[in-house]
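A.B. asks: Give me a model of this one.
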Amino acid sequence: MRQDIIDLIRTSSGENLQYFHQGSEEFLQTQNGVRYPVDGNILCFPETVTLTGNNKNYQKMYDRFSAFYDLATKGYALLKNGNEKNRLVQYLNLLNIENGDKVIEISIGTGRNIKYLNSAADYFGVDISLGMLKKCQRKMKRLHREITLIQAEAESLPIRDESFDVIFSAGGFNFFNDPGKAVNEMLRIAKSGVKILITDETEKLRLKYSKNEFYKANKVRQPAEYLPDFCKNIEYKEICDGDLYVLTFCKP
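C.D. replies: Residues are numbered from 1 along each chain as shown. Now for the predicted structure:
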């Protein structure tokens, strides 16, 4: 494992970690001997995924659904926007990714966004679903794209402060246990001046499917309500015929 990745990772309490490879077992370990497993190069932080509420429910759902997720989302994009790329680039084109940038996607899922982004950047992805992360890992191998994957909650990222040049979350934000805390974590790991992008389904779309249990109990709030007062350059718009909102803002 790359030393710069090890240096970037920390526990939720701020402890440094060391990497060990003993026989078939890989893990990160604190000075006090607490271990965090590495499952097929995916960094797993079980302390942050002992989940409750929405996070627990959606972890289980996406673990089960991971094998079919790409097929379902491609079919939906085909019906709504002609193909997947037409749908995704409506928000991905708002990201300014330069060669060598350190980029992280929160709730990366199967990694469907990454193939449309600058291949000369350094990519990281976080998700609570190990099933989705393993699907993402296989996809990145087929695309010959390198990525570092981390199983953790968006509300508790095991990452050092001010580490990333580009941060975005495409889907999942509406259903986090604590979206405000997730925003604060994104701001914490962002370098000064970085633009952060969040996109997810609008309340308008949720109401179309309000009888579905997946949507029924989760009213979509205006996402800008979760931003601290110090955020700069706040912009909100709706895309994909009003199905998705895009919120962008900058860390001072």
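A.B. asks: Only C-alpha atoms from now on, for both contacts and neighbour counts.
C.D. replies: Noted.
A.B. asks: hey, what's D200 bridged with?
C.D. replies: Beta-bridge partners for D200, by DSSP bridges, are Y245.
A.B. asks: An error on my part: the question was meant for I239.
C.D. replies: I239 forms beta bridges with L244, as assigned by DSSP bridges.
A.B. asks: who's in contact with it?
C.D. replies: Neighbouring residues of I239 by CA atoms under 8 Å, 6 or more residues apart in numbering: Q90, Y91, Y245, V246.
A.B. asks: Taking those residues, tell me the two that lie furthest apart.
C.D. replies: Spanning the widest gap among the contacts of I239 are Q90 and Y245, at 10.5 Å by CA to CA.
A.B. asks: Have a look at these two and say which one is more surrounded.
C.D. replies: Between Q90 and Y245, counted using other CA atoms under 10 Å, the more crowded position is Y245 (21 against 14).
A.B. asks: Give me the distance between the more buried one and G109.
C.D. replies: Distance, Y245 to G109, using CA to CA, to the nearest Å: 19 Å.
A.B. asks: what are the ranges of the helices in the stretch 101-250 of the chain?
C.D. replies: Using DSSP state H, counting those that start in this stretch, the helices of the stretch 101-250 of the chain run over 130-142, 179-189, 203-208, 213-216.
A.B. asks: Between the ones you listed, which has the poorest mean confidence score?
C.D. replies: With a mean of 59, helix 213-216 has the lowest mean pLDDT of those.
A.B. asks: hang on, the earlier thing: among the helices of the stretch 101-250 of the chain, which is nearest N32?
C.D. replies: Checking the helices of the stretch 101-250 of the chain against N32 by CA to CA gives helix 179-189 as the closest, at 24.6 Å.
A.B. asks: hmm, who's touching the closest one?
C.D. replies: Helix 179-189 has contacts (CA under 8 Å, 6+ apart) with 154-157, 159-164, 167, 173, 176, 196, 226-228, 251.
A.B. asks: Any idea which helix or strand in this protein has the lowest mean pLDDT?
C.D. replies: Lowest on mean pLDDT, DSSP states H and E among the helices and strands of the chain sits helix 213-216, with a mean of 59.
A.B. asks: For the protein, which segments are assigned as strands?
C.D. replies: 18-22, 25-29, 35-39, 42-44, 102-106, 122-127, 147-151, 166-170, 195-201, 232-239, 244-250 (DSSP state E).
A.B. asks: Need those strands in TSV (columns: distance to L133 and mean pLDDT).
C.D. replies: TSV is the format used below for the strands of the chain (distance: least, CA to CA, whole Å; pLDDT from 0 to 100):
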stretch	distance to L133	mean pLDDT
strand 18-22	20	93
strand 25-29	17	94
strand 35-39	10	94
strand 42-44	8	96
strand 102-106	12	98
strand 122-127	7	97
strand 147-151	7	97
strand 166-170	15	97
strand 195-201	19	96
strand 232-239	27	97
strand 244-250	23	97
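A.B. asks: Out of the ones you listed, which is closest to N96?
C.D. replies: For N96, the closest of these is strand 166-170, at 7.8 Å, according to CA to CA.
A.B. asks: Run the chain-centre distance for that closest one.
C.D. replies: Taking the mean of its C-alpha atoms, strand 166-170 sits 7 Å from the chain's own mean (CA atoms, centre = their mean, to the nearest Å).
A.B. asks: what is the orientation angle of it with strand 102-106?
C.D. replies: Between strand 166-170 and strand 102-106, the angle comes out at 20 degrees (axes from the mean of the first three to the mean of the last three CA atoms, to 10 degrees).
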